[in-house]
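here you go, sequence then predicted model.
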Amino acid sequence: MHQQIWENCLNLVKHEIQEQSFKTWFLPITPIKLDKSVLTIQVPSQFFYEWLEDNYVHILRKAILQELGPNGRLEYSVVIDRGNEQAKPLTVNYPVNKAPGRFGQNHVGNGQNVQQSPAVTPEFLTLTGKLNPIYVFDSYIEGDCNRLARSAGYAVAQRPGVTSFNPLMIYGGVGLGKTHLVQAVGNQIMESNPDAKVLYVASEKFTNQFIESLRNNAVQDFINFYQKVDVLIIDDVQFLRDKERTQEIFFHIFNHLHQSGKQIIMTSDCPPRELKGLQERLVSRFKWGLTADIQTPDFETRVAIIQKKTQAEGIVIPEDVLEYLAYTIDSNIRELEGVMISLIAHSSLVKREIDLELAKQIIKNIVNDYDTEVGIDYIQKAVSDYFNVALEDLKAKTRKKEIVIARQVAMYFSKDYTNHSLKSIGYHFGGRDHSTVIHAVQAVNDMIDTDAKFRYSVDELKKRLKMRTV
Ligand SMILES: Nc1ncnc2c1ncn2[C@@H]1O[C@H](COP(=O)(O)OP(=O)(O)OP(=O)(O)O)[C@@H](O)[C@H]1O
């Protein structure tokens, strides 16, 4: 009888919620008994019970009303101590027609009877939480690109969970120092308070652990594990995109921690509003605290980063190499570090001093798009700087000799260094046609052959463009 009643309830519920949620939250329920108009269902864990109450109480109420009438009631039997062979169900009397409390409050009538799941955490959960000791504030160079993010991180590190920066969301492009910064926050907290439970986890790992916990029937352990931390640092949350179930669990953990005044720190490769594929309720929570971005570092910051790293390694690299590296690799600090490491390795392998030549060789091998990245805009700027003519004049109709020459040189390099068609190049120089470009290239070649001073200028510019020192 109770099976049939529950079956009918499920049929109703099924049509009201998403299939995925139905499978997650309703299929694991077992109806146990029907006593007069009280239906008892068994749920796998305390968390499960709370989740149902928090999210599906209205649907359940409707189903019970339909199946058992106005006096109908629902009781939960929460399975505890799953790890133990003698699992004993605990029945929580909870009438569905009473308003439940929100999750995070003690909304199990006689909460003190509800025991926690096993104290021993499964192996797969204990593997996380490792902060890398090299990621500290001391080795994190501050620049305009990361000032807000760094100071917010620093404030959180002083008073985790207390500032209004909760959650703290750091976003920015690949390899710009998000992980370093959030780990620095974690390390700082640990230093001030070694007993704090600071947990760092990459979102991918979080997802895999969750899947693992489903497979091992240990979702409750998973949740307990995360709900016990004081500071949760979760890296690359964009990875949770389209992972509905992981998002649901994370949402719950997030709420629990936030309501308990625990600090949450997140990173992402884009601002929250662009996190497509994440549930709106999750994204809106991400915006509760402070969102700070990290931009591409400017030249001076890049130089400072290289200096700091080389100092730490006890290595000295010549000034011109340092500047060359900072000029050439301008978008990704990880790549910059990669080049430095190769450079150091090469020089010690072939027993050769680190010099500009070696640096160029290494860069050519490592940075794929190195030679193709120079664009017409960049060439125009380099040429206008070099010949000291206004950028606009290169695109204007002016026929002044020095401007005409500079314009022709810029066209010459545009043809040589970019994939633009002659037509497109002409277009970038004030709408000239392709024959003007052909003529410019010819004129420059002629001058290279006949004028040594001019040849020198072209060579010099070539170097600058290659090194991108403009
Ligand atoms: N401001 C900085 N000062 C010193 N080192 C930095 C700075 N920013 C980044 N780095 C270094 O650059 C490397 C890449 O940084 P990190 O791994 O933190 O980037 P990320 O933004 O988390 O990258 P991803 O998007 O791939 O997760 C690290 O070795 C880090 O130490």
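Perfect, I can see it now. Numbers count the residues shown, from 1 in each chain.

quick one: contacts for residue 26?
Residues in contact with residue 26 (CB atoms under 8 Å, 6 or more residues apart in numbering) are 10, 13-14. Any C-beta I mention is one placed from the backbone N, CA and C, and that applies to glycine too.

for residue 440, same thing?
Counted by CB under 8 Å, 6+ apart, residue 440 has contacts 407-408, 411-412.

same thing but at 7 Å, please
408, 411-412 (CB atoms under 7 Å, 6 or more residues apart in numbering).

check residue 432 too.
The contact partners of residue 432, by CB under 7 Å, 6+ apart, come to residue 426.

can you pull the pLDDT of residue 467?
Reported pLDDT at residue 467 in the predicted model: 70.

how many neighbours does it have?
17 (other CB atoms under 10 Å).

next: residue 18.
When neighbours are counted by other CB under 10 Å, residue 18 comes out with 10.

ok, and the closest non-adjacent residue to it?
Leaving aside its sequence neighbours, residue 18 sits nearest to residue 244 (CB to CB, 6 or more residues apart in numbering; 8.0 Å).

burial of the one you found, as a residue count?
Neighbour number of residue 244 under other CB under 10 Å is 15.

number of residues surrounding the residue in the chain that the ligand sits nearest to?
Residue of the chain nearest the ligand, by CB to the nearest ligand atom: residue 177 (2.4 Å). Neighbour count for residue 177, taken as other CB under 10 Å: 24.

same question for residue 365.
12.

tell me which element it is part of?
helix 356-366 (DSSP states H and E).

ok, now residue 300?
Assigned by DSSP H and E, residue 300 falls in helix 299-313.

just to revisit the earlier point, pLDDT added to the contacts of residue 440, as JSON lines?
JSON lines is the format used below for the contacts of residue 440 (pLDDT from 0 to 100):
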{"residue": "408", "pLDDT": "97"}
{"residue": "411", "pLDDT": "96"}
{"residue": "412", "pLDDT": "96"}
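
reformat those as TSV; add neighbour count and distance to the ligand.
As requested, the contacts of residue 440 are exported to TSV (neighbours: other CB atoms under 10 Å; distance: CB to the nearest ligand atom, whole Å):
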residue	neighbour count	distance to the ligand
408	22	42
411	29	38
412	24	38
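
nearest to residue 381, out of those: which one, please.
Comparing these against residue 381 with CB to CB places residue 411 closest, at 14.3 Å.

pull the CA atoms of stretch 313-326 into PDB?
Written as PDB, here are the backbone C-alpha positions of stretch 313-326 (Å, rounded to 0.1, in the frame of the first residue of the first chain):
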ATOM      1  CA  GLU A 313      66.400  31.200  -8.200                       C
ATOM      2  CA  GLY A 314      69.700  33.000  -7.400                       C
ATOM      3  CA  ILE A 315      70.200  33.800 -11.100                       C
ATOM      4  CA  VAL A 316      71.200  37.000 -12.700                       C
ATOM      5  CA  ILE A 317      70.100  37.700 -16.300                       C
ATOM      6  CA  PRO A 318      71.400  40.600 -18.300                       C
ATOM      7  CA  GLU A 319      69.200  43.700 -18.300                       C
ATOM      8  CA  ASP A 320      68.700  43.600 -22.100                       C
ATOM      9  CA  VAL A 321      67.500  40.000 -21.900                       C
ATOM     10  CA  LEU A 322      65.200  40.900 -19.000                       C
ATOM     11  CA  GLU A 323      63.600  43.700 -21.000                       C
ATOM     12  CA  TYR A 324      63.400  41.600 -24.100                       C
ATOM     13  CA  LEU A 325      61.500  38.900 -22.300                       C
ATOM     14  CA  ALA A 326      59.200  41.400 -20.700                       C
END
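
give the buried residues for that stretch.
317, 321-326 (16 or more other CB atoms under 10 Å).

now, the residues you listed that are in helices?
With DSSP state H as the criterion, helices contain 321-326 from among the buried residues of stretch 313-326.

identify the farthest-apart pair in these.
Spatially, the most separated pair among these is 321 and 326, at 9.7 Å (CB to CB).

name the element residue 76 belongs to?
Per DSSP H and E: residue 76 is located in strand 73-79.

show me what that strand pairs with in its sheet, parallel or antiparallel.
strand 38-43 (parallel), strand 89-92 (antiparallel) (DSSP bridges).

neighbours of residue 414, how many?
27.

residue 377 is in contact with that one, correct?
No. In this structure residue 414 lies outside contact range of residue 377 using CB atoms under 7 Å: 9.8 Å.

any idea how far stretch 68-77 is from the chain center?
45 Å (CA atoms, centre = their mean, to the nearest Å).

cool, stretch 156-170 as well?
17 Å.

what comes into contact with that stretch?
Under CB under 7 Å, 6+ apart, the answer for stretch 156-170 is 149, 152-153, 155, 178, 181-182, 185, 188-189, 230-231, 258, 261-268, 272, 286, 288-292, 294.

can I get it in PDB? Just the C-alpha atoms.
Provided in PDB are the C-alpha atoms of stretch 156-170 (Å, rounded to 0.1, in the frame of the first residue of the first chain):
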ATOM      1  CA  VAL A 156      40.300  38.700   3.600                       C
ATOM      2  CA  ALA A 157      43.500  37.100   4.800                       C
ATOM      3  CA  GLN A 158      43.400  39.300   7.900                       C
ATOM      4  CA  ARG A 159      39.800  38.700   8.800                       C
ATOM      5  CA  PRO A 160      38.400  35.700   6.900                       C
ATOM      6  CA  GLY A 161      34.600  35.500   7.000                       C
ATOM      7  CA  VAL A 162      34.300  38.800   8.700                       C
ATOM      8  CA  THR A 163      34.700  41.400   5.900                       C
ATOM      9  CA  SER A 164      32.000  42.000   3.400                       C
ATOM     10  CA  PHE A 165      34.200  40.400   0.800                       C
ATOM     11  CA  ASN A 166      32.400  37.100   1.100                       C
ATOM     12  CA  PRO A 167      32.500  35.500  -1.300                       C
ATOM     13  CA  LEU A 168      35.600  36.900  -2.800                       C
ATOM     14  CA  MET A 169      35.600  36.300  -6.500                       C
ATOM     15  CA  ILE A 170      38.800  36.900  -8.500                       C
END
